[in-house]
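Quick one, fold the following:
(one chain, ligands or ions: 2)
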Amino acid sequence: MRRLLSGLYHPWYLHRTSCKYQYKGKERNMAVTQFESVDARRCFPCWDEPAFKAKFKLTLEVPSELVALSNMPVGNATFAGPIKTVRYLESPPMSTYLVAIVVGLFEYVEGMTTKGTRVRVYTQIGKSNQGKFALDVGVKSLNLYKDYFDTPFPLPKLDMVAIPDFAAGAMENYGLVTYREVALLFDDKSSSASSRQSVAITVAHELAHQWFGNLVTMEWWTHLWLNEGFATWVSHLAVDSFFPQWNIWTQFLDSTTTALRLDSLEASHPIEVEIHHASEVDQIFDAISYDKGASVIRMLQSYLGAERFQKAMASYMKKYAFSNAKTEDLWAVLEKETGEPVKDLMTTWTKQKGYPVINAKIKGDDIEIEQAQFLLDGSSGSGMWIVPITSGCGAYDTQKKFLLKLKRDKMVIGSQCGDRKKGGNFWTKLNINGTGFYRVKYDDELAAALQNALETKKLSLMDKIGTVDDLYALSIARQQTFASLLRLLYGYRGEADYSVLSHINTVTTSIAKVSADATPALAGDIKQLLIKILLSPAEKLGWDPKKGESHLDVMLRPLLLTALVQLGHGKTINEGVRRFNIFTRDRGTSLLPPDTRKAAYLAVMQNVSSSNRSGYDALRKIYKESAEGEERLQVLGILSSCRDKGIVLESLNLIFTNEVRNQDAYILLRGIQPEAREISWNWLKENWERISRTFSGSLAANFVKNIVPLFTSNEKAAEISKFFATRTKPGFERTLKQSLETVRISARWAEGIRSEPGLSQTVRELLAKP
Ligand code: BES
Ligand code: ZN
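Residues are numbered from 1 along each chain as shown. Ligands and ions are numbered 1, 2, ... in the order given. I've put the predicted structure just below:
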């Protein structure tokens, strides 16, 4: 859900004032707390820092007819007319940011763990059926984590509550976990496969915090990544065990590549950040804490081995239960349990920002490797890491592992990587399955061999992803040509895997954008080439779901259809519009199930304009009238995805009406297309006062993050930077810096593409291939 949110959060008091819902046609209020990071102090006097744990014994006076929940079960309740006094049992020692209260009208479904912990999912009246899926995942997660950490869940009950208006995606309060409705509820009829998956991940994530975070808590916010990185990592472990067919570890590479992208900016920050003031905390709930954090844990686990790692985690949990720990405390336990140099190794990854690119060159029977900090702006930083290198060589069963501690080293490969003669089967790949947090740049011979291994289907799904993502980044940094990226991409035509294609889609979207600016004359042909790569898997799947098809195919279909619509593929757009027209007449039609709706909406948005707005009006009507949270958000996500200026403006202005909750504004902003960047930027400038007043720093950052990086020129970067010079706001400076850096990097990339010799010939050559 962080991907869903990609931004940050309201303080709880703001969110409390707006937590309204409907019951029997009347508007009702709900009381909900959200204390992380530093808002418990607004509710009661306390030492509001994670290391001051205390036992809490709460009493609430609330209207008698309402359900009143807190971290612990009710000890007793007494009634005095319209008011009841509810006394809760005393909690074990816990940090203040995990205290929670929820008061409102609810119903629930209930289950039980193997150890007899009562688990409930609370929803609005009439929706409890939609809580069953989360309940099942919740019960299974508690069972799994108890075994994984070899430590029982210490509270007598666990409640999970769907909150109609909630700033974060979900919050792990001890024994009382709160969620946005879309992050907890799942309805077989109206929800999509990707929403099933994100509910599972979110529940597994928050329940992991019941151990990692709540039982053992970070000593200080500098170690926030321990909470969030670990919960992110272990939620994948849990979901993989419940739904092995989802290939969730392959999908995890989304997190790794997201983090690699952010961490190759000068304006990135180390995993462990110094925090001097409460106002700095909210900013670090970002891809570095979550995704880089989770990725370096995966790197460490794969270096130490799953079993040794789990054992050590269990002893860490026991040693620090009901207490606090620092990053170093974790390394110390792991080091003691495994005898490996964990502290030295991991410190290089958590205390300095960035990561290395490994330059690999073949020399006789050796591969020479050299590390250098990778930055997307083409420069090379001074960082040095201890890098767990893995390599596959001609086959996956001849893997090698070693620790690169120096700037340079070499690996002996001998003849085991295959026959190096022309036409031979030689290949080698470093960073097998992307377990390491680094990139690899190969010399020409190794790169050609790797492309050959790709085309002859020798590479694992994860290695296909790593291969394209590395070359993509190297191309942006102008360490590899744009043509070589296109050639490699072409090797992926015919690919049928969801995760691989989802990464290909990230790359193609970015290529389409940069080429429109860099080589307008060639942009049309490049789009055709990208369509050629994606079309055959899309045609195989078609628009209609097939009986018994896999979860991943169900997710792949909308991914490909959306990509084709965005690339302007006429046939897909027409079919989307046709299906949408039927759907507006018959909302129950089987022609547009929840999974493919967004692609059809997007197709409609390609053709609408201020003078031809019937499709747009139909979408607005769905947004207004639909009772399904997911459907509403899907529409919101495309209302700004349009070339027509009038329509884009009309959609953006919805942000200031009560049609769009402040918490959802980023969803609308995310849809803005490069074609609408100028109009959106002008809109942002004109409305900045208002945005700044209405949205907290971290939420205001979403406006910057979704508009600024659409530009690709240094002049624009200068203009934007000038505009904000007098308009800074705490909580969003870092995002602004990162966004501006991204614009400058794109400008440099575009310039490189513009002056690349032979590019048009490569494009034509690839287009002409059968
Ligand atoms: N602890 C966070 C919620 C949070 C984030 C509170 C920022 C205060 C500030 C929670 O565990 C979390 O990470 N929630 C994610 C969802 C999760 C599945 C990644 C979210 O809210 O997006
Ligand atoms: Zn979390």
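
Which strand or helix spans residue 264?
When elements are assigned from DSSP states H and E, residue 264 belongs to no helix and no strand.

I'd like to know how many residues surround it.
24 (other C-beta atoms under 10 Å). Bear in mind the C-beta positions are built from the backbone N, C-alpha and C, glycine included.

which residue sits closest to it, ignoring its sequence neighbours?
residue 376 (4.5 Å; C-beta to C-beta, 6 or more residues apart in numbering).

so who does residue 691 touch?
Counting by C-beta atoms under 8 Å, 6 or more residues apart in numbering, residue 691 touches 684, 700, 703.

what stretches of this protein score poorly on pLDDT?
By pLDDT under 70, the weakly predicted segments of the chain are 1-18.

Please list the residues of it that sit near ligand 2.
228, 231 (C-beta under 5 Å from the ion).

Quick check, the residue in the chain closest to ligand 1?
residue 169 (3.0 Å; C-beta to the nearest ligand atom).

what about that residue, how many residues close to it?
Neighbour number of residue 169 under other C-beta under 10 Å is 22.

looking at it, residue 290 is touching residue 252, isn't it?
No - checked against C-beta atoms under 8 Å, the pair residue 290 and residue 252 is beyond contact range at 11.7 Å.

Kindly indicate whether residue 357 is helix, strand or coil.
State at residue 357, reduced to three classes by DSSP: H, G, I helix; E, B strand; the rest coil: strand.

who touches it in this structure?
Applying C-beta under 8 Å, 6+ apart, the residues contacting residue 357 are 371, 372, 373, 374, 438, 439, 440, 441, 474, 479.

same thing but 10 Å
Counting by C-beta atoms under 10 Å, 6 or more residues apart in numbering, residue 357 makes contact with 264, 370-375, 380, 438-441, 470, 473-474, 477, 479.

what's the answer for residue 435, then?
249, 253, 256, 295, 298-303, 388, 390, 462, 466.

quick one: which of these is most hemmed in?
residue 295 (29 neighbours).

ranges for the helices of the stretch 551-700 of the chain?
551-566, 570-585, 594-607, 614-625, 629-636, 645-653, 665-670, 677-694, 697-707 (DSSP state H, counting those that start in this stretch).

in the fourth one, what counts as buried?
Looking back up the chat, that one is helix 614-625. The neighbour-count check on helix 614-625 (16 or more other C-beta atoms under 10 Å) flags 615, 616, 618, 619, 620, 622, 623 as buried.

Check which helices and strands it sits against.
In this structure, helix 614-625 packs against helix 570-585, helix 594-607, helix 629-636, helix 645-653, with contacts taken as 3 or more C-beta pairs under 10 Å, 6 or more residues apart in numbering; DSSP states H and E.

Dump the C-alpha coordinates for the third one into PDB.
Backbone C-alpha positions of helix 629-636 (Å, rounded to 0.1, in the frame of the first residue of the first chain) are rendered in PDB as follows:
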ATOM      1  CA  GLY A 629     -13.900   2.000  -3.100                       C
ATOM      2  CA  GLU A 630     -11.600   0.300  -5.500                       C
ATOM      3  CA  GLU A 631     -13.700   1.300  -8.500                       C
ATOM      4  CA  ARG A 632     -13.800   4.900  -7.400                       C
ATOM      5  CA  LEU A 633     -10.000   5.000  -7.000                       C
ATOM      6  CA  GLN A 634      -9.500   3.400 -10.400                       C
ATOM      7  CA  VAL A 635     -11.500   6.200 -12.000                       C
ATOM      8  CA  LEU A 636      -9.800   8.900 -10.000                       C
END
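
in the sheet, who's paired with residue 162?
Judged by DSSP bridges, the bridge partners of residue 162 are residue 179.

from what I can see it touches residue 123, true?
Yes - Residue 162 is within contact range of residue 123, at 4.8 Å (criterion: C-beta atoms under 10 Å).

Can you check which residues contact both of those two?
106, 130, 131, 134, 181, 184, 185.

Going by distance to ligand 2, which of these wins?
residue 184 (14.5 Å; C-beta to the ion).

Report how many residues lie close to that closest one.
31.

Wait, a strand at residue 110?
Yes - under three-state DSSP, residue 110 sits within a strand.

hang on, the earlier thing: need the contacts of residue 435 in JSON lines (columns: secondary structure and distance to residue 230).
Listed next are those as JSON lines, based on DSSP: H, G, I helix; E, B strand; the rest coil; distance: C-beta to C-beta, whole Å:
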{"residue": "249", "secondary structure": "helix", "distance to residue 230": "16"}
{"residue": "253", "secondary structure": "helix", "distance to residue 230": "18"}
{"residue": "256", "secondary structure": "helix", "distance to residue 230": "15"}
{"residue": "295", "secondary structure": "helix", "distance to residue 230": "12"}
{"residue": "298", "secondary structure": "helix", "distance to residue 230": "11"}
{"residue": "299", "secondary structure": "helix", "distance to residue 230": "13"}
{"residue": "300", "secondary structure": "helix", "distance to residue 230": "11"}
{"residue": "301", "secondary structure": "helix", "distance to residue 230": "11"}
{"residue": "302", "secondary structure": "helix", "distance to residue 230": "15"}
{"residue": "303", "secondary structure": "helix", "distance to residue 230": "16"}
{"residue": "388", "secondary structure": "strand", "distance to residue 230": "19"}
{"residue": "390", "secondary structure": "strand", "distance to residue 230": "22"}
{"residue": "462", "secondary structure": "helix", "distance to residue 230": "21"}
{"residue": "466", "secondary structure": "helix", "distance to residue 230": "23"}
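
circling back to that earlier point, so which of the contacts of residue 691 is the most crowded?
residue 703 (25 neighbours).

Tell me the buried residues within the shared contacts of residue 162 and residue 123.
Among these, those classed as buried by 16+ other C-beta under 10 Å are 106, 130, 131, 134, 181, 184, 185.

these two touch, right, residue 724 and residue 681?
No - using C-beta under 10 Å as the test, residue 724 is too far from residue 681 to be in contact (11.8 Å).

okay, and the common contacts of these two?
Contacts common to residue 724 and residue 681, judged by C-beta under 10 Å, 6+ apart, are residue 708.

quick one on the thing from earlier: what residues do residue 290 and residue 252 have in common as contacts?
232, 233.

Next up, the contacts around the residue nearest to residue 264.
Counted by C-beta under 10 Å, 6+ apart, residue 376 has contacts 260-266, 473-474, 476-478, 741-742, 744-746, 748-749.

switch to 8 Å and redo it
Per C-beta under 8 Å, 6+ apart, neighbours of residue 376: 261, 264, 265, 473, 476, 477, 745.

Equivalent analysis for residue 25, please.
Residue 25 touches nothing, counting by C-beta under 8 Å, 6+ apart.

hmm, back to that, any chance of the contacts of residue 376 in TSV, with secondary structure and distance to residue 403 too?
Compiled in TSV, these are given as follows (three-state DSSP; distance: C-beta to C-beta, whole Å):
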residue	secondary structure	distance to residue 403
261	helix	26
264	coil	23
265	coil	27
473	helix	24
476	helix	29
477	coil	26
745	helix	31
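
which ones among the residues you listed come in contact with ligand 1?
Among the contacts of residue 376, none lies close to ligand 1 by the criterion of C-beta under 6 Å from any ligand atom.

ok, of those, which one's closest to residue 359?
Lowest distance from residue 359 to those (C-beta to C-beta) belongs to residue 477, with 12.8 Å.

Once you drop chain neighbours, what's closest to the closest one?
Nearest non-adjacent residue to residue 477 (C-beta to C-beta, 6+ apart): residue 378, at 4.8 Å.

shouldn't that neighbour be in contact with residue 749?
No - under the criterion of C-beta under 8 Å, residue 378 makes no contact with residue 749, lying 9.1 Å away.

what about those two, which has more around it?
Neighbour count, other C-beta under 10 Å: between residue 378 and residue 749, residue 749 has more, with 23 against 14.

ok, that one - contacts?
Counting by C-beta under 8 Å, 6+ apart, the residues that residue 749 touches are 475, 476, 478, 514, 518, 712.

Now with 10 Å, please.
376-378, 475-478, 482, 510, 514, 517-518, 712.

With residue 559 instead?
Contacts for residue 559 were tallied using C-beta under 10 Å, 6+ apart; they are 194, 498-499, 501-502, 504-505, 534, 537-538, 541, 595, 599.

Great, nothing more from me.
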